[in-house]
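K.L.:
I need the structure of the sequence given here:
(chains A and B)
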Protein chains: 2
Amino acid sequence: MTKTFSYKLLAKKGNAKAGVMQTPHGEVATPVFMPVGTVGSVKAMSPEDVRMAGGEIVLGNTYHLYLRPGDGLVREMGGLQEFMRWQGPMLTDSGGYQVSSLGLFREESKEKLAKVKPTKIDEDGVTFWSHLDGSEHRFTPEKSIEIQENLGADVIMAFDEATPDRGREYAREAMQRTHNWLVRSKKRWEEMEEEKGEWWPQALFGIVQGGGYEDLRRESVEFVVKQDLPGMAIGGGSIGQDAAETEENVSWIRSQLPSDKPVYLMGVGKSPSEAVAAVLSGADMFDCVAPTRIARMGGLYVGELEVGGMTPKFASEHEHDRMNIDNRRFANDRGVIDDKCDCYTCRQGFSRAYLHHLFRSHELLYYRLASIHNTRVMIRTVGQVRAWVMEQG
Amino acid sequence: MTKTFSYKLLAKKGNAKAGVMQTPHGEVATPVFMPVGTVGSVKAMSPEDVRMAGGEIVLGNTYHLYLRPGDGLVREMGGLQEFMRWQGPMLTDSGGYQVSSLGLFREESKEKLAKVKPTKIDEDGVTFWSHLDGSEHRFTPEKSIEIQENLGADVIMAFDEATPDRGREYAREAMQRTHNWLVRSKKRWEEMEEEKGEWWPQALFGIVQGGGYEDLRRESVEFVVKQDLPGMAIGGGSIGQDAAETEENVSWIRSQLPSDKPVYLMGVGKSPSEAVAAVLSGADMFDCVAPTRIARMGGLYVGELEVGGMTPKFASEHEHDRMNIDNRRFANDRGVIDDKCDCYTCRQGFSRAYLHHLFRSHELLYYRLASIHNTRVMIRTVGQVRAWVMEQG
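P.N.:
This next block holds a predicted model:
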């Protein structure tokens, strides 16, 4: 097992980068779309399915894994990779997004509404109540790093506050808190790396916040870059809303982003088009639960990357690049989802008619076949843009 | 594609048979456990998963497929095998069990209770109401055969009434109805086989009924044998309740069962032990939804076949041969379900701790891994008993 984390830029075309990232659990060709395995499983997919779809690095959620099964247990089981039998690189988030946006859960479900009290954020950390059983918990930057050390991913994230849309003054406060927390995260990480015994080293990334305000974003990126960590991320609610907003937000700080380090756009990539936009805007890494979530709700990506013009473009006849398999017109459609697709589902010849039937019958097989397809389209598309960068750059 | 159905007895040991069944879609080594793909999918498993678990023949349910997606659509899609991408033999039941026991659905779910009216059985057929939308439908022997012709399985079943426990007089009436329906099923089948164009031939099996009454069972098997069909089945509620009852019921008619034809015990095999009992009682084929249903509910088979004594026995430390993965003691158990098991789930090293976590988190991956394991244990165990028969017989 390699003991170091490194990133190497191989080519650049416009803002788009192509590189390779070395982690203790293997190499990752960047840019890369990271499937999300929230509680230690990319929903409906086995590790082999993820690998078959071209997955190179999987994301786990600190908030969810801390609550269940518990980070101590995951450590006892040999770390997250060993626990879920994923033989490859992993990244964990810091839980910052989940705990600072826990209020959102209350809108999602009445059951959760009954259990979850509003999150309390102070300068030292965040007190929150579990969405599972309503129990009280507290995360600090130090706690988040310790949990992530237990989980054992190759890349870990500094604790941050995902800035809600409450005006400029709040965004500035949240940004400064995030900066303070970054310094503390880094300190705890450095201590723990020194103490390390048999466990592999982990690369810490800082997170840029600052909401939808250009000057705050510029101030934040300057601060994060100064920490000189192995990589950095761009976070917050105003990233990931839509491709245009993401692009604008990134454009403010583009000149300040390091080209010799990986840049991770958090929560971005609801469709192949958004994945292409993320890569073209300069992202090395990005993740989104949407491809598998959309798949489970009947949305299947159809289209392909066109590289004929000045810049690659994901061309699809369908709005948001997806067809709705629930549509009655697919009931007797003998074709596969996309006859140009090389995913397992399409290669095995499962027809739209069959998938339509499985979806309507709530058959478990549907969720797997659909998730494999959407994940493969995301990963293949990003790989095609990477090839274009390598060729043109 | 072979155009004929045949069965060859290869060896016998006690009542247990070992043989081989030829179908238009390939060979099946008997005795065989048939995984149930109710609506065209063995729940949570792909066709490749079924094959990998050793599955040789899959069962589809006429009642369910008739309602959704509809047998006409399945035919249009090239038949059930092509529709679900199962490259192998299939069997469909006649729908008789489902429509005559539809009342049972009302106990399962309040939602269904609201929709489903009691089934009306008359000499000509059965009128019933869909559990999906409450719509009215009617099955007759002819209709059942026509639906099964559309579905296109290799083995089809005569229309029957699964005899409820309402006393001897009712059991006699139901048996006689089933006999009349068998004659009509056979007539319609013969007509359709003559009309056949590009579609492959299908083998019709008759069904023995007679409830829990020895004399009725003996009368019924005599009638069914006289029809001289390619195979026969033993059906009814008193089959499949438990291994002892199944054994007793089969013992009444054992001397009348043909040894040169496959005998199918319907709905039998809730555990590896029951599978072994079914084979030892003389079954060539049997099916049960229990292995995958139990898996989804957390029950995982553990144990192995012992052939040291006079007769093979499935030895397990666990009641009903299964452990409950929900049990807290598995939370930090790094072992696989069964370290002697050769199923995908165990070979990939998924730990009890991980499966416990997935189960508690309602992760879709759990249902697949658990279903693969239980199905493999059933099929492997039956294969081991077959090997014993071949060796000793």
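
K.L.:
Grab the most central residue of chain A for me.
P.N.:
For chain A, the residue whose C-alpha lies nearest the mean C-alpha position (Cα atoms, centre = their mean) is residue A:287; its distance is 2.3 Å.

K.L.:
For it, list each beta-bridge partner.
P.N.:
Listed by DSSP bridges, the beta-bridge partners for residue A:287 are residue A:34.

K.L.:
quick one: contacts for it?
P.N.:
Taking Cβ atoms under 8 Å, 6 or more residues apart in numbering or on different chains as the definition of contact, the neighbours of residue A:287 are A:33-36, A:59, A:91, A:264, A:266-269. All C-beta spots, glycine's among them, are computed from the backbone N, C-alpha and C.

K.L.:
Look up how far chain B lies from it.
P.N.:
Residue A:287 sits at a distance of 18 Å from chain B (criterion: Cβ to the nearest Cβ, to the nearest Å).

K.L.:
hmm, the host helix or strand of residue A:378 touching chain B?
P.N.:
Following DSSP states H and E, one finds residue A:378 within helix A:364-392. Yes. Helix A:364-392 is in contact with chain B by Cβ under 8 Å from any Cβ of the partner chain, via A:364-365, A:367-369.

K.L.:
For that helix, which residues meet the burial criterion?
P.N.:
If you call a residue buried by 16 or more other Cβ atoms under 10 Å in any protein chain shown, then helix A:364-392 has these buried ones: A:364-386, A:388-389.

K.L.:
How many residues are close by the residue in the stretch 151-300 of chain A positioned nearest to chain B?
P.N.:
Using Cβ to the nearest Cβ, the closest approach of the stretch 151-300 of chain A to chain B is made by residue A:296 at 8.5 Å. The number of residues packed near residue A:296 is 17, by other Cβ atoms under 10 Å in any protein chain shown.

K.L.:
Pull the contacting residues for it.
P.N.:
Remark: with contacts taken as Cβ under 8 Å, 6+ apart, residue A:296 is in contact with A:43-44, A:367, A:370-371.

K.L.:
would CSV of the residues you listed with distance to residue B:334 and pLDDT be doable?
P.N.:
What follows is the contacts of residue A:296, written out as CSV (distance: Cβ to Cβ, whole Å; pLDDT from 0 to 100):
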residue, distance to residue B:334, pLDDT
A:43, 24, 98
A:44, 25, 98
A:367, 28, 98
A:370, 32, 98
A:371, 27, 98
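
K.L.:
Out of the residues you listed, which is nearest to residue A:181?
P.N.:
The shortest approach to residue A:181 among the contacts of residue A:296 belongs to residue A:43, at 29.4 Å (Cβ to Cβ).

K.L.:
which residues does that closest one contact?
P.N.:
Neighbour list for residue A:43: A:37, A:292-293, A:296, A:367, A:371, B:363-365 [criterion: Cβ under 8 Å, 6+ apart].

K.L.:
Convert whatever helix or strand residue A:27 lives in to PDB, retaining C-alpha atoms only.
P.N.:
Taking DSSP H and E as the definition, residue A:27 sits inside strand A:26-30. Taking C-alpha atoms only, strand A:26-30 is exported to PDB below (Å, rounded to 0.1, in the frame of the first residue of the first chain):
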ATOM      1  CA  GLY A  26      -4.700   3.300  -5.200                       C
ATOM      2  CA  GLU A  27      -4.700   5.800  -8.100                       C
ATOM      3  CA  VAL A  28      -7.600   7.900  -9.300                       C
ATOM      4  CA  ALA A  29      -7.700   9.500 -12.800                       C
ATOM      5  CA  THR A  30      -9.000  13.000 -12.400                       C
END
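
K.L.:
the inter-axis angle of it versus helix A:364-392?
P.N.:
Going by axes from the mean of the first three to the mean of the last three Cα atoms, to 10 degrees, strand A:26-30 is angled at 70 degrees with respect to helix A:364-392.

K.L.:
For strand A:26-30, give me every contacting residue.
P.N.:
For strand A:26-30, contacts defined as Cβ under 8 Å, 6+ apart pick out A:2, A:7, A:17-21, A:56-57, A:88-89, A:262, A:284-285, A:383, A:386.

K.L.:
Filter those residues down to the buried ones, ChimeraX style.
P.N.:
To isolate the buried ones among these in ChimeraX, judged by 16+ other Cβ under 10 Å, type:
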select /A:7,17,18,19,21,56,57,88,89,262,284,285,383,386
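
K.L.:
of all the contacts of strand A:26-30, which comes closest to chain B?
P.N.:
Taking Cβ to the nearest Cβ as the measure, chain B lies nearest residue A:88 of these, at 14.3 Å.

K.L.:
Correct me if wrong: that closest one contacts residue A:54.
P.N.:
No. When contacts are counted by Cβ atoms under 8 Å, residue A:88 is not listed as touching residue A:54 (11.5 Å).

K.L.:
Got phi/psi on residue A:127?
P.N.:
phi -100, psi 130 (degrees, to the nearest 10).

K.L.:
got a pLDDT number for it?
P.N.:
Here the pLDDT value assigned to residue A:127 is 94.

K.L.:
so it bridges to which residues?
P.N.:
Under the criterion used here (DSSP bridges), residue A:127 is bridged to residue A:120, residue A:138.

K.L.:
Might you report the residue contacts of it?
P.N.:
Applying Cβ under 8 Å, 6+ apart, the residues near residue A:127 are A:119-120, A:136-138.

K.L.:
any chance of those residues in JSON lines, plus neighbour count and pLDDT?
P.N.:
What follows is those, written out as JSON lines (neighbours: other Cβ atoms under 10 Å in any protein chain shown; pLDDT from 0 to 100):
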{"residue": "A:119", "neighbour count": "18", "pLDDT": "86"}
{"residue": "A:120", "neighbour count": "13", "pLDDT": "91"}
{"residue": "A:136", "neighbour count": "10", "pLDDT": "92"}
{"residue": "A:137", "neighbour count": "15", "pLDDT": "95"}
{"residue": "A:138", "neighbour count": "13", "pLDDT": "96"}
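
K.L.:
Tell me the one of those residues nearest chain B?
P.N.:
Set against chain B, the nearest of the contacts of residue A:127 by Cβ to the nearest Cβ is residue A:137 (17.6 Å).

K.L.:
circling back to that earlier point, now do the residue of the stretch 151-300 of chain A closest to chain B against residue A:42, distance only.
P.N.:
12 Å (Cβ to Cβ, to the nearest Å).

K.L.:
Might you report the residue contacts of residue A:307?
P.N.:
Shown in contact with residue A:307 (Cβ under 8 Å, 6+ apart): A:384, A:388.

K.L.:
The stretch 251-393 of chain A: helices as residue ranges?
P.N.:
Counting by DSSP state H, counting those that start in this stretch, the stretch 251-393 of chain A has these helices, from start to end: A:272-280, A:290-296, A:344-347, A:352-360, A:364-392.

K.L.:
Could you look up the SS state of the residue of the stretch 51-200 of chain A found nearest chain B?
P.N.:
Ranked by Cβ to the nearest Cβ, the top residue of the stretch 51-200 of chain A for proximity to chain B is residue A:69, at 4.4 Å. Applying DSSP: H, G, I helix; E, B strand; the rest coil to residue A:69 yields a three-state assignment of coil.
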